[in-house]
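Q: How does the following fold in three dimensions:
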Amino acid sequence: MNPTSSLTLPNALTLLRILAIPFFAIAVWYGHHWQAFIIFASAGFTDLLDGYIARRFNQRSELGAVLDPAADKLLMTTAFILLAMRTQGMTAPIPVWVAILAITRDGLISFYAFASADRLNDSKFQPSLLGKTSTAMQLIAVSLGLFFNALGYHSWMDPFLPEMYWVVAALALASGIHYFLRATHRSATT
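A: Numbers count the residues shown, from 1 in each chain. Modelled structure (predicted):
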């Protein structure tokens, strides 16, 4: 990590992603689902881009290590809350119980990482394959939810969406439990 340079291109992209969150929330709230989908997809692209640039051009920083996951959690939490609220024109909401599970998992993990004395120790908080799979499934669920809301309700969505939400919930629970087991095991061995 490069602790001396905070305003790197990846950090600037992350800040843009954070600044896009209110516009995303406004678009969802007022039923502008195509705009919300485009903003969310653009935010996802900047997330991929800032990670690539940070690794490829050695522009990692301590600020980026904190900002990037915070931006991701803030965007996903906002999306889950608003898609569960059944805002204007919403035809394919995310079930409230799925949103609660996903947000609780991320909140508890973030709290534990923040409260940990070793929170800047990268090796302690590396995401597992199960955690990455859970996050990827959440991104897919939110993206499809936004896309289906932009399209409007269609009966072919009925059998697809509930199964996807069950998978999101199961992965959130499994990865949350797995994370705490790993963290507890590491704490006991150090």
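
Q: Could you list the buried residues of the helix or strand of the chain with the lowest mean pLDDT?
A: Here the helix or strand of the chain ranked lowest by mean pLDDT, DSSP states H and E is helix 157-189, holding a mean of 83. Within helix 157-189, the residues scored as buried using 16 or more other Cβ atoms under 10 Å are 157, 161, 164-165, 167-169, 171-172, 175-176, 178-179, 182-183. (C-beta placed from N, C-alpha, C; glycine too.)

Q: ok, now stretch 37-51?
A: Neighbour-count burial for stretch 37-51 [16+ other Cβ under 10 Å]: 37, 39-40, 43-44, 46-47, 50-51.

Q: could I get the residues you listed as JSON lines with distance to residue 63, pLDDT and secondary structure?
A: Compiled in JSON lines, the buried residues of stretch 37-51 are given as follows (distance: Cβ to Cβ, whole Å; pLDDT from 0 to 100; DSSP: H, G, I helix; E, B strand; the rest coil):
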{"residue": "37", "distance to residue 63": "29", "pLDDT": "97", "secondary structure": "helix"}
{"residue": "39", "distance to residue 63": "24", "pLDDT": "97", "secondary structure": "helix"}
{"residue": "40", "distance to residue 63": "24", "pLDDT": "97", "secondary structure": "helix"}
{"residue": "43", "distance to residue 63": "19", "pLDDT": "94", "secondary structure": "helix"}
{"residue": "44", "distance to residue 63": "21", "pLDDT": "90", "secondary structure": "helix"}
{"residue": "46", "distance to residue 63": "16", "pLDDT": "92", "secondary structure": "helix"}
{"residue": "47", "distance to residue 63": "16", "pLDDT": "90", "secondary structure": "helix"}
{"residue": "50", "distance to residue 63": "12", "pLDDT": "90", "secondary structure": "helix"}
{"residue": "51", "distance to residue 63": "14", "pLDDT": "87", "secondary structure": "helix"}
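
Q: What is the nearest of those to residue 81?
A: For the buried residues of stretch 37-51, the minimum distance to residue 81 (Cβ to Cβ) is 13.7 Å, reached by residue 40.

Q: how far away is that closest one from residue 15?
A: 17 Å (Cβ to Cβ, to the nearest Å).

Q: Show me the shaky parts of the protein.
A: Within the chain, the segments meeting pLDDT under 70 span 1-5, 117-126, 153, 155-158, 186-190.

Q: Which parts of this protein are helices?
A: In the chain, the helices defined using DSSP state H lie at 9-29, 33-56, 62-84, 96-115, 129-151, 157-189.

Q: Mind giving me the packing neighbours of the first one?
A: If I follow you right, that is helix 9-29. Where contact means 3 or more Cβ pairs under 8 Å, 6 or more residues apart in numbering; DSSP states H and E, helix 9-29 is packed against helix 33-56, helix 62-84.
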